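dropping a prediction and its sequence here:
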Amino acid sequence: MRTLILLSICLGMTAWAVFGQSDPWEVAIAAAQKCYGQGQYREAESRFADAEKLAESFGPFDHRLATTLNNLALLFVRQARYAEAEPLFKRALEIWEKGGESALKDKAATLNNLAALYASQSRYEAAELIYRQCLALREQLLGPEHLDVASTLNNLGELYWEQGKFADAEPLYRRALFIKQKVLGPQDPDLATSLNNLAALYTRQGKYADSESLFKQALTIRQRAFGPEHPDVANSLNNLAALYSLRGRYSEAEPICKLSLNIEEKYLGPNHPAVAVGLNNLADVYLAEKKYDQAEALFRRALAIREKTLGPDHPDVAQSLDNLAGVLIRKNQQVNVDLLYLRALAIRKKVYGPESPSVAVSLNDLGVAYSEERRFAEADAAFSDALNILAKQANPPALVMAKVYTSMSHLYELEGNHKKARKMAEKAQAVRKQEGFPSS
């Protein structure tokens, strides 16, 4: 998981504190961050707005204003309001620049967050450039074996992972893990993040035994640190269950997913965005087990949570729409399934722009729906549009490319054009082999 940084509000003794009163800005920003942590994003935005008004009164280059802007921008990133987040990060950076050496650590944190924003938008070159600026600044300030350096290495590694650049990602993940083990010791819960990242990399490479070992190690560390029922434990359980599901070990995955979901609902409440993730994971297992009614119910509940907490135009809502459409296709309830995919496509175009790889993913899903409905011409057009988008990328995501070729192969099989179907299947396999993915 990519690390985003809420800046600290530990600012020392203020005039308000001298007289035994609470600083209104500190009260507002603390309330905002509490709401953010609880997934109450609308309330958090209101509180951040209050904090921003108070911070503006301190002057245009006050560090409290930069902190507020950075943290409000993080909220916007979580809500996929990227166009609103970017200028806030940039304004915060301008303030940190005025702060001189004393503000360099906070500058690095905001650089990290801006890079994460660009990564979320698939603006990989811009994200890499800024992550490397952040890494260089942190190494200069803190030394090569500081935990903040490890955090940046993790984020840069995840950027490469998302692009399928596993050879570039692995040494960064390993260096981050080494730093954490040296600084924190072998049982610190912060190690679990690096172990999970390395395990996810091994999963993508088909090194399933290595992946399972690391996921279990991360789970054990978190259980020892937090006890058997904690949101971080639930996260590790989810990771392990996802691996088992991928390997077809559904009887092992299902109870782990249920346990994870119970923990999340207990500690975060039934309507937290993290609960929606747990619902989706369990629904995916039900889908693989052909328990379609149970899967549909969970996908619908996850969709409702995300629409309520994140808003109707969030990428996570698009994912839930894809999931719901997928189970309806499996149930042969294909009436208006294409409308779900079209709504997901519209969301991704709005959030990411019309030529994002994420839009290509939506076009592929739409093409699959059209194929199942025997609307072959429309399916072919959707797949062609997806390939055109991918062709325009400097580094097109190989997994998405292979997925589109596979979908086209299925379309041509349905049309009875076996020669073209074989050609597309061979293209998909060639992409997977070239990028080091396991065979499908």
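Noted; the coordinates are in hand.

so what's the spatially closest residue to A295 that is not a sequence neighbour up against?
With C-beta to C-beta, 6 or more residues apart in numbering as the criterion, A295 has its nearest non-adjacent residue at 3.8 Å, and that residue is Y286. Placement of C-beta: from N, CA and C, glycine included. Under the criterion of C-beta atoms under 8 Å, 6 or more residues apart in numbering, the contact partners of Y286 comprise E254, Y292, Q294, A295, L298.

next: G278.
A234, N238, C257, S260, L261, E264, E265.

out of those, list just those in helices.
Among the contacts of G278, DSSP state H puts A234, N238, C257, S260, L261, E264, E265 in helices.

top of these by neighbour count?
Neighbour counts for the ones in helices among the contacts of G278 peak at C257, which has 29 neighbours (criterion: other C-beta atoms under 10 Å).

identify the residues contacting it.
C257 makes contacts with L237, N238, A241, G278, N281, L282, V285, as judged by C-beta under 8 Å, 6+ apart.

do you know the pLDDT at the first one?
I take that to be L237. Predicted confidence (pLDDT) at L237: the value is 96.

now the fifth one
Reading off the confidence values, N281 has pLDDT 94.

how about the helices in the stretch 101-250 of the chain?
Ranges of helices within the stretch 101-250 of the chain are 104-120, 124-142, 147-162, 166-184, 191-204, 208-226, 231-246, 250-268, based on DSSP state H, counting those that start in this stretch.

spatially nearest residue to G326, not counting backbone neighbours?
Nearest residue to G326, sequence neighbours excluded (C-beta to C-beta, 6+ apart): L287, at 7.3 Å.

that neighbour sits in which helix or strand?
Secondary-structure assignment from DSSP states H and E places L287 in helix 273-288.

check which residues of that helix are buried.
By neighbour count on 16 or more other C-beta atoms under 10 Å, the buried set for helix 273-288 is 273-287.

so who does the nearest residue to L279 once chain neighbours are set aside touch?
Across the structure, with C-beta to C-beta, 6+ apart as the measure, the residue nearest L279 apart from its sequence neighbours is A302 (4.1 Å). Remark: with contacts taken as C-beta under 8 Å, 6+ apart, A302 is in contact with A276, V277, L279, N280, A283, S320, N323.

correct me, but the first one touches D316?
Yes: the criterion here is C-beta atoms under 8 Å, and A276 meets it with D316 at 7.1 Å.

who touches both of the two?
Joint contacts of A276 and D316 (C-beta under 8 Å, 6+ apart) are R306.

burial count for the closest residue in space to N112 that isn't next to it in sequence?
Leaving aside its chain neighbours, N112 sits nearest to C134 (4.9 Å; criterion: C-beta to C-beta, 6+ apart). The number of residues packed around C134, counting by other C-beta under 10 Å, is 26.

list the contacts for C134?
A108, L111, N112, A115, T152 are the contacts of C134 under C-beta under 8 Å, 6+ apart.

and with 10 Å instead?
Contacts were defined as C-beta atoms under 10 Å, 6 or more residues apart in numbering; by that measure C134 touches 107-116, 148-149, 151-152, 155-156.

stretch 178-192 spans what distance, first to last residue?
As for stretch 178-192, its first-to-last residue distance stands at 12 Å under the measure C-alpha to C-alpha, to the nearest Å.

going on from the lowest-mean-pLDDT helix or strand in the chain, what's the next piece of helix or strand?
Per-element confidence for the chain was summarised using mean pLDDT, DSSP states H and E. The lowest value among helices and strands belongs to helix 15-18, with a mean of 36. Proceeding N to C from helix 15-18, the next assigned helix or strand is helix 24-37, under DSSP H and E.

any idea of the mean pLDDT for that following helix?
The predicted model assigns helix 24-37 a mean pLDDT of 90.

which stretches of the stretch 101-250 of the chain aren't confidently modelled?
Low-confidence regions of the stretch 101-250 of the chain, defined by pLDDT under 70, are absent; no residue qualifies.

can you list the domains in the chain?
In the assignment given by automatic domain parsing, the structural domains of the chain cover 1-142, 143-240, 354-440.

same list (these) but as TSV, adding distance to G248.
Formatted as TSV, the entries for these read as follows, by distance: least, C-beta to C-beta, whole Å:
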stretch	distance to G248
domain 1-142	25
domain 143-240	11
domain 354-440	13
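
tell me which of the ones you listed lies nearest to R306.
Closest of the domains of the chain to R306 is domain 1-142, at 10.6 Å (criterion: C-beta to C-beta).

list the contacts of the nearest residue to Y208 once chain neighbours are set aside.
Of all residues beyond its chain neighbours, the one nearest Y208 is R247 (6.1 Å), with distances taken as C-beta to C-beta, 6+ apart. Neighbouring residues of R247 by C-beta under 10 Å, 6+ apart: T203, Y208, S211, E212, A253.

hmm, which of those are the buried ones?
Listed as buried from those are T203, Y208, S211, E212, A253; burial here means 16+ other C-beta under 10 Å.

which of those residues lies closest to Q33?
The shortest approach to Q33 among the buried ones among the contacts of R247 belongs to T203, at 32.8 Å (C-beta to C-beta).

and the closest one, how far is that from N417?
According to C-beta to C-beta, to the nearest Å, T203 stands 34 Å off from N417.

same thing with A115?
A115 sits at a distance of 45 Å from N417 (criterion: C-beta to C-beta).

of these two, which one has the most company?
For A115 versus N417, the count of surrounding residues by other C-beta under 10 Å is larger for A115: 27 against 15.

I'd assumed R132 was in contact with the more buried one.
Yes: using C-beta atoms under 10 Å, A115 and R132 qualify as a contacting pair, with a distance of 8.8 Å.

mutual contacts of these two, please.
Common neighbours of A115 and R132, using C-beta under 10 Å, 6+ apart, are T152, L156.

thinking again about what came up before, make CSV from the buried ones among the contacts of R247 and add distance to P354 to it.
Supplementary listing: the buried ones among the contacts of R247 in CSV, determined by distance: C-beta to C-beta, whole Å:
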residue, distance to P354
T203, 31
Y208, 37
S211, 36
E212, 40
A253, 37
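
which of those sits closest to S194?
Relative to S194, the closest of these is S211; by C-beta to C-beta it sits at 13.8 Å.

residue contacts, that closest one?
Going by C-beta under 10 Å, 6+ apart, S211 touches 196, 198-205, 239-240, 243, 246-247.

repeat the analysis, applying 6 Å as the threshold.
A199, Y202, T203, L243 (C-beta atoms under 6 Å, 6 or more residues apart in numbering).

one more: L72?
Applying C-beta under 6 Å, 6+ apart, we find L72 in contact with F48, L88.
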